[in-house]
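> what's the 3D shape of this:
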Amino acid sequence: MLRPDALRRVLALVLALLAWPAFADQAALRAGWYATEPQQYLRQGELTGLDIEMVRAIAAHAGQPVSFTPMGYLPLLEAVAEGRMALATGIARTEQRAARYALSLPYRQDTNVLIMRRGEAAALRFRDATGLAAYLGSGQRFRLGVRRGYSYFHPALDAWIGDPGNAGLVRAAEDDPTNIRRLLAGEIDGFLAERLSVALAITALGAGPAVEEQAMRLMVPLHLAFSRAGTPAETLAAFNAAILALQADGTLESIGARFRFPLLLSQTIDSDWFRALRVVGAVASALAGALAARQSQWSLFGAFVLAGVTAASGGVMRDLLVGRFPIGIARDPLFLMLIFGTVAGFWMVTHLWSLLRGRAMLAFWVAQLAVGMRRRRIDRWLFDAADALGLGASTVLGVAVAFGMRAEPFWLWGPMLGTITGAGGGILRDVLRGGGNIPNLKTGFYGEVALIWSLALSAWLSLRGAEIEIDEVVVVVVAAVLGAVVTRLAAVAFAWRPPRLG
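Numbering: from 1, shown residues only. I've put the predicted structure just below:
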């Protein structure tokens with residue numbers, strides 16, 4: 001007779017054998033992935049990306065686990081066609097592929113754009129692939145860069161690219177960085193690329209100030225490609241139902257926004273106008289620090305310290321907090337030079353009297369101007385205006401860094417990094433100046449301005465759908481900067497006071 005513990009083991013084995021078919025049905029589908037950021041890539045050793053996260057969400061909703069194996073794009077397609085792999089992601093439909101694979105419903109779209117040298121795109125008026133194909137076919141001698149072996153899924157455009165008569169105008173490259181270098185070297189006039197991937201490549205090469213997107217948009221629906229040999233019809237139906245459900249409730253759109261927003265913000269930050277704004281913000285913050293040093297009668301060296309703290313310490317704290325290396329001020333020495341140059345220039349201006357000694361008439365008018373400024377507290381208003389402008393520009397930059405670092409949850413990190421970057425320098429400046437007496441933490445409406453506008457910008461970016469365009473990002477960034485400046489100046493003018501603890 002079996003002992004009770006032995007009997008339990010036998011029963012467990014029998015139940016496991018009976019349940020084996022159910023477990024077999026839930027065996028993970030083997031999906032391949034090929035490294036292309038931001039669609040599919042490793043981040044700190046973990047697989048993520050636009051396609052990966054979307055497929056995980058779809059598979060979870062369908063009740064079908066999926067495991068991912070790294071594999072090249074073309075070998076993966078062959079493996080799925082032969083039944084050695086179950087699934088490939090991000091596949092555009094052609095008649096040949098529809099016959100070879102079991103394609104799902106489209107779960108997202110790729111956006112292909114035409115990248116050109118900055119200042120040249122405005123001359124081209126077309127906005128879609130049909131217009132581009134007509135332009136290329138009109139004898140313009142436009143030298144077009146493409147990806148080798150890639151189809152753009154537009155009959156007229158693909159026909160022009162594949163026409164042997166256009167071989168001298170079409171130049172194929174293995175990747176986007178090669179096309180970017182050829183464009184900057186003048187070897188091509190423009191090239192076609194997937195918008196998210198090329199934005200990353202442009203940022204990595206530091207080519208943002210030299211290139212721009214033309215207005216054309218070529219939308220390509222993407223599908224999941226299943227093996228026809230080993231995929232039950234029920235599995236494909238479950239994935240299609242999951243795609244429809246997650247599109248309806250906004251889940252897929254939300255995932256798309258998470259990966260799209262940082263790239264659009266990156267394009268904004270790399271633009272000429274935003275760089276100019278950062279320069280103005282750095283100079284304004286450094287000027288505010290120099291004015292504060294003058295009011296406290298610090299030495300010239302102390303003025304350099306106070307200006308540097310005001311202009312740079314918020315960004316340094318932000319970058320150290322999120323592990324962003326090299327830190328922002330070390331990435332571009334221009335901003336450190338601007339800080340020192342601003343203090344040196346301010347020192348020269350304030351010592352103009354001694355330089356003009358002996359030139360009585362000019363010295364008299366300079367003295368009268370100085371007296372008039374003091375009576376009207378123009379120096380104080382100059383300080384407040386410079387401080388407000390630095391606050392606004394730095395706040396927006398902090399939110400942008402939170403997006404770029406994909407700090408989650410963004411509703412928390414966006415306002416936090418925006419506030420630290422915007423107000424951190426000014427608060428540390430006042431700590432150095434006043435010891436424990438810090439007006440910006442006691443009675444001044446200062447950090448609150450950075451918090452309010454970083455919250456507003458973060459909320460807008462979080463709520464906006466994945467279809468956001470770069471023009472909208474530009475408008476909202478400018479609005480946030482101006483809003484912060486106006487709010488801070490209004491707080492100074494009307495002596496607003498923040499809520500007190502007791």
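
> when you work out contacts or count neighbours from here on, use the C-alpha atoms and nothing else.
Fine.

> could you give the average pLDDT over stretch 316-324?
Computed over stretch 316-324, the mean pLDDT rounds to 76.

> C-alpha coordinates for that stretch, CSV please?
Only the C-alpha atoms of stretch 316-324 are listed here, as CSV (Å, rounded to 0.1, in the frame of the first residue of the first chain):
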residue,chain,number,x,y,z
VAL,A,316,24.3,69.6,-13.2
MET,A,317,22.0,68.4,-10.4
ARG,A,318,19.4,67.1,-12.9
ASP,A,319,22.0,65.2,-14.9
LEU,A,320,23.6,63.6,-11.8
LEU,A,321,20.1,62.6,-10.5
VAL,A,322,19.2,60.7,-13.7
GLY,A,323,22.7,59.5,-14.5
ARG,A,324,23.0,61.5,-17.7
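
> show me the contact partners of it.
Applying C-alpha atoms under 8 Å, 6 or more residues apart in numbering, the contact partners of stretch 316-324 are 325, 327-329, 398, 405, 407, 417, 420-421, 424.

> and what of stretch 98-115?
Here stretch 98-115 makes contact (C-alpha under 8 Å, 6+ apart) with 80-81, 93, 190-196, 211-228, 236, 239-240, 243, 247, 252.

> is there a quick PyMOL command that grabs whichever of those residues are buried?
Listed next is the PyMOL selection for buried residues among those, using 16 or more other C-alpha atoms under 10 Å:
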select buried, resi 80+81+93+190+191+192+193+194+195+196+211+212+213+214+216+217+218+219+220+221+222+223+224+225+226+227+228+236+239+240+243+247+252
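
> which among the contacts of stretch 316-324 gets closest to Ile161?
Here the nearest of the contacts of stretch 316-324 to Ile161, counting by C-alpha to C-alpha, is Met405; it sits at 37.7 Å.

> and the pLDDT at that closest one?
67.

> ramachandran coordinates for the closest residue to Val170 other than its chain neighbours?
In this structure, Val170 finds its nearest non-sequential neighbour in Leu144, 5.0 Å apart by C-alpha to C-alpha, 6 or more residues apart in numbering. Dihedral pair for Leu144: phi -110, psi 130, per degrees, to the nearest 10.

> right, and Leu144 touches Phe191 too?
Yes. Judged on C-alpha atoms under 8 Å, Leu144 makes contact with Phe191 at a distance of 5.3 Å.

> how about the helices in the stretch 1-150 of the chain?
Here the stretch 1-150 of the chain has its helices, by DSSP state H, counting those that start in this stretch, at 4-25, 50-62, 73-81, 95-100, 129-136.

> next one: the fourth one to chain centre, how far?
So that's helix 95-100. With C-alpha atoms, centre = their mean, to the nearest Å as the basis, helix 95-100 stands 36 Å off its chain's centre.

> residues of it that come out buried?
So, applying 16+ other C-alpha under 10 Å, buried residues of helix 95-100: Arg100.

> is it possible to mark the buried ones in the contacts of stretch 316-324?
The neighbour-count test (16+ other C-alpha under 10 Å) marks 328-329, 398, 417, 420-421, 424 as buried among the contacts of stretch 316-324.

> which one of the residues you listed is nearest Leu277?
Using C-alpha to C-alpha, Gly398 is the member of these that lies nearest Leu277, at 13.9 Å.

> and what about that closest one, helix, strand or coil?
Put simply, Gly398 is helix when judged by DSSP: H, G, I helix; E, B strand; the rest coil.

> what pLDDT does it get?
84.

> residues contacting the residue nearest to it when sequence neighbours are not counted?
Excluding the flanking residues, the one nearest Gly398 by C-alpha to C-alpha, 6+ apart is Gly418, at 4.0 Å. Neighbouring residues of Gly418 by C-alpha under 8 Å, 6+ apart: 394-399, 450-451, 454.

> in JSON lines, list these along with distance to Ala303.
Below are these laid out as JSON lines (distance: C-alpha to C-alpha, whole Å):
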{"residue": "Ser394", "distance to Ala303": "20"}
{"residue": "Thr395", "distance to Ala303": "23"}
{"residue": "Val396", "distance to Ala303": "26"}
{"residue": "Leu397", "distance to Ala303": "25"}
{"residue": "Gly398", "distance to Ala303": "25"}
{"residue": "Val399", "distance to Ala303": "29"}
{"residue": "Ala450", "distance to Ala303": "24"}
{"residue": "Leu451", "distance to Ala303": "27"}
{"residue": "Ser454", "distance to Ala303": "29"}
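
> could you work out the most separated pair of those residues?
Using C-alpha to C-alpha, the two most remote members of these are Leu397 and Leu451, lying 13.0 Å apart.

> moving C-terminal of the host helix or strand of Gly308, what's the next helix or strand?
Assigning secondary structure by DSSP states H and E places Gly308 in helix 300-322. The C-terminal neighbour of helix 300-322 among helices and strands, as given by DSSP H and E, is helix 328-331.

> can you list contacts of whichever helix or strand comes after that next one?
With elements assigned by DSSP H and E, the helix or strand that comes after helix 328-331 is helix 334-350. Surrounding helix 334-350, the residues in contact under the criterion C-alpha under 8 Å, 6+ apart are 279, 282-283, 286-287, 290, 300, 303-304, 307-308, 311, 329.

> picking that back up, may I see the contacts of stretch 316-324 arranged in CSV, with distance to Ala60 as well?
Formatted as CSV, the contacts of stretch 316-324 follow (distance: C-alpha to C-alpha, whole Å):
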residue, distance to Ala60
Phe325, 35
Ile327, 39
Gly328, 39
Ile329, 43
Gly398, 34
Met405, 26
Ala407, 24
Leu417, 33
Ile420, 38
Thr421, 39
Gly424, 42
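
> what about the strands in the protein?
Ranges of strands in the chain, per DSSP state E, are 29-33, 41-43, 46-48, 66-70, 87-92, 101-103, 108-117, 144-147, 170-173, 190-194, 211-213, 218-227.

> for Ser296, find the nearest of the ones you listed.
Relative to Ser296, the nearest member of the strands of the chain by C-alpha to C-alpha is strand 211-213, separated by 46.0 Å.

> so for that closest one, mean pLDDT?
Computed over strand 211-213, the average pLDDT equals 90.

> look up phi and psi at Glu120.
Main-chain dihedrals, Glu120, degrees, to the nearest 10: phi -100, psi -20.

> count the neighbours of it for me.
For Glu120, the neighbour count with other C-alpha atoms under 10 Å is 15.

> what of Pro164?
As a burial measure, Pro164 scores 11 neighbours (other C-alpha under 10 Å).

> show the pLDDT at Leu74.
Looking at Leu74, its pLDDT reads 84.

> list the contacts for it?
Per C-alpha under 8 Å, 6+ apart, neighbours of Leu74: none.

> try 10 Å
Contact analysis of Leu74 by C-alpha atoms under 10 Å, 6 or more residues apart in numbering lists Tyr34.

> so the helix holding Gly308 versus helix 334-350, what angle?
Here the directions of helix 300-322 and helix 334-350 differ by 160 degrees (axes from the mean of the first three to the mean of the last three C-alpha atoms, to 10 degrees).

> who touches both of Leu397 and Leu451?
Residues touching both Leu397 and Leu451 by C-alpha under 10 Å, 6+ apart: 417-418, 422.

> kindly reformat those residues as JSON lines containing distance to Ala257.
Shown next, in JSON lines, are the shared contacts of Leu397 and Leu451 (distance: C-alpha to C-alpha, whole Å):
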{"residue": "Leu417", "distance to Ala257": "20"}
{"residue": "Gly418", "distance to Ala257": "20"}
{"residue": "Gly422", "distance to Ala257": "25"}
